[in-house]
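In: Show me the folded form of this:
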Amino acid sequence: MSATLVFGGARSGKSAFAERLARDSSQEVVYIATSRAGDGEMAARIALHREQRPPEWRTVEEELALAQTLRTECLPGRLVLVDCLTLWLSNLMFCDGREYPEVGALTLPDRFHEERAALLDLLEAGVPGDVIFVSNEVGMGIVPWGAISRSFADEAGRLNQAVAARVDRAVLVAAGLPLVLKGSLC
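Out: I've put the predicted structure just below:
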C-alpha cells in the first residue's frame with residue numbers, strides 16, 4: 001500500500017494535483033466523494049466535479065463512514081482518491097444536527113471520535129492498494145471567530161497531522177505547485 005496526503009488552501013490546486021497523480025498511476029481509480037449538497041451552490045460544485053472526472057473512474061459518495069468504505073474499496077491494483085478529509089470532518093462535526101454555541105467548550109458527537117479513530121487505525125494497520133487523501137490546510141490564516149470555527153480549524157489541523165504521520169507521502173500544494181514534505185513523487 002502507498003498512502004499520500006495532498007493538502008493546501010482553498011483553490012490551491014490540491015484536487016487537480018491529486019487527480020493527476022491518480023490518472024498517472026495507470027490503475028483503476030475509485031473516487032470517494034465526501035461532500036454533501038447542502039445548498040444549490042454546493043450542488044453545482046459537486047456537479048462540476050463529476051463532469052470533470054474521467055468517465056472510467058467509479059465514484060462512491062460517503063459522507064461519514066470513510067474507514068469502512070476504504071476497507072471495501074482499497075484493493076491491490078486499485079487507487080482510491082478521497083476528496084476531501086475536511087469536508088468529511090465537517091460532516092462528522094454536524095452529523096447529529098446539533099447547534100453549537102458561539103462561546104464555551106464544545107462537545108463533539110461520539111460518532112466524530114469513532115470515525116476519526118477508525119480512519120487513523122486503518123491507516124496505521126495499512127490497506128491493500130493505494131490511497132490519496134485530499135485535505136484543506138486551514139491553519140495558516142487568522143484565528144477564526146466563533147467557537148465552532150475555531151474547533152473546526154483545530155480538528156482539521158490535528159487530523160492533517162495525524163494522517164501525515166501515517167502516510168508514506170505528504171504534499172503541500174500552493175498556487176498549483178507541489179512541495180513534497182514527506183516521501184517522494186517518484
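
In: Show me the contact partners of the helix or strand bottoming out on mean pLDDT in the chain.
Out: In the chain, the helix or strand scored least confidently by mean pLDDT, DSSP states H and E is helix 40-52, which has a mean of 82. Residues from elsewhere that reach helix 40-52 (CB atoms under 8 Å, 6 or more residues apart in numbering): Ser15, Ala33, Ser35, Arg36, Ala37, Thr59, Asp83. Quick note: C-beta positions are derived from backbone N, CA and C, even for glycine.

In: now with 7 Å?
Out: Under the contact criterion CB atoms under 7 Å, 6 or more residues apart in numbering, helix 40-52 has outside partners Ser35, Ala37, Thr59.

In: what's the closest of those residues to Ser184?
Out: Thr59 (28.9 Å; CB to CB).

In: what's the pLDDT at the nearest residue to the closest one once chain neighbours are set aside?
Out: Counting by CB to CB, 6 or more residues apart in numbering, Thr59 lies nearest to Tyr31, which is 4.8 Å off, once chain neighbours are set aside. Tyr31 is assigned 97 on the pLDDT scale.

In: burial measure for Tyr31, as a count.
Out: 23 (other CB atoms under 10 Å).

In: And for Leu181?
Out: Applying other CB under 10 Å, we find 12 residues neighbouring Leu181.

In: from memory Val29 sits against Leu81, does it?
Out: Yes: counting by CB atoms under 7 Å, Val29 touches Leu81, with 6.2 Å between them.

In: residues shared between the contacts of those two?
Out: With CB under 7 Å, 6+ apart, Val29 and Leu81 have common neighbours Ala22.

In: Same drill for the two, tell me which one is more crowded.
Out: Taking neighbours as other CB under 10 Å, Val29 and Leu81 compare with Leu81 leading, 27 against 21.

In: Distance check, the more buried one against Met93.
Out: According to CB to CB, to the nearest Å, Leu81 and Met93 sit 23 Å apart.
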